[in-house]
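1. let's see this in three dimensions:
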Amino acid sequence: MTNLHRKALNLTYFTIAYNVVECALALLAGAWAGSIALVGFGLDSLVESLSGGVMIYRFARHATLSPAEEERRERRSVKIVGYTFLILAAYVFYESVEKLIFQEAPAPSLLGILIALASMIIMPALFYLKYQTGKSLGSASLMADSKQTLACAMLSVALLIGLGLNYWFGIWQADPVIGLVIAALLVREGYHALKDKKLCSCASCGVSPPLSED
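-> Model (predicted):
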């Protein structure tokens with residue numbers, strides 16, 4: 001394995017590990033504050049880390065699987081992840097609408113703001129490293145994955161706006177509205193996973209092809 005291929009794999013490992021930590025903190029902060037935007041953000045990170053783990057496991061076992069078994073495993077994994085996205089999207093959508101209708105105002109969350117700020121700093125850096133590594137490898141998939149990582153950074157900006165409006169100005173409605181935005185993103189990810197029959201999230205797109213030039 002070349003240094004560039006090792007770097008690509010390490011970037012994927014780091015992205016997954018960061019998503020796991022981000023998920024735990026976001027869910028904890030969301031539960032404390034009653035923030036569906038934070039909970040939805042954490043759930044998105046959870047599925048992204050799961051999909052990335054699935055892809056790494058699949059390709060780590062590549063040498064021991066027949067092509068038919070490999071294909072069956074990938075189809076099964078994609079379906080599980082795709083439907084998980086859709087189920088979580090339904091939950092986040094329901095909770096967001098319920099909070100808007102019944103005016104369930106979440107508490108301001110400084111921890112949530114710090115989580116969003118950290119993601120806004122780390123995700124663009126990951127985007128740059130993935131893009132440059134993919135460009136050096138000639139890997140279109142890793143470069144595409146870098147753009148997904150940039151999209152995650154944009155989601156962090158939306159989260160920060162929602163949490164900030166509530167924290168500093170008391171506009172609590174911004175929180176469930178951002179929850180609806182996150183639900184739409186989860187639907188998009190789930191739809192594309194099931195339609196394209198491949199995993200393509202912030203954590204997973206670069207796992208398979210980055211290890212071989214494409």
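2. I figured residue 156 hits residue 119, correct?
-> Yes - at 3.8 Å, residue 156 counts as touching residue 119 under the criterion of CB atoms under 8 Å. The way it works is simple: take the backbone N, C-alpha and C, and place the C-beta from them, glycine included.
3. chain center to stretch 182-197: distance?
-> 11 Å (CA atoms, centre = their mean, to the nearest Å).
4. for stretch 97-117, same thing?
-> Using CA atoms, centre = their mean, the offset of stretch 97-117 from its chain centre is 19 Å.
5. longest helix of this structure?
-> helix 67-102 (DSSP state H).
6. which strands and helices lie in contact with it?
-> Applying 3 or more CB pairs under 8 Å, 6 or more residues apart in numbering; DSSP states H and E, one finds that helix 67-102 contacts helix 36-60, helix 174-196.
7. could you find the closest non-adjacent residue to residue 124?
-> residue 153 (5.1 Å; CB to CB, 6 or more residues apart in numbering).
8. tell me the contacts of residue 178?
-> 37, 40, 158-159, 161-163 (CB atoms under 8 Å, 6 or more residues apart in numbering).
9. which two among the residues you listed are spaced furthest apart?
-> Using CB to CB, the two most remote members of the contacts of residue 178 are 40 and 161, lying 14.3 Å apart.
10. so which of these two has more stuff around it?
-> residue 40 (32 against 16; other CB atoms under 10 Å).
11. okay, that one: pLDDT?
-> Predicted confidence (pLDDT) for residue 40: 96.
12. pretty sure it sits against residue 184.
-> No - applying CB under 8 Å as the test, residue 40 and residue 184 come out as separate, 10.2 Å apart.
13. can you give me the distance of residue 91 to residue 191?
-> Note on residue 91: its distance to residue 191, by CB to CB, to the nearest Å, is 16 Å.
14. between helix 36-60 and the longest helix of the chain, find me the angle.
-> 180 degrees (axes from the mean of the first three to the mean of the last three CA atoms, to 10 degrees).
15. list the buried residues of helix 67-102.
-> Using 16 or more other CB atoms under 10 Å as the test for burial, helix 67-102 gives 74, 77-78, 81-82, 84-86, 88-89, 91-93, 95-96, 99-100.
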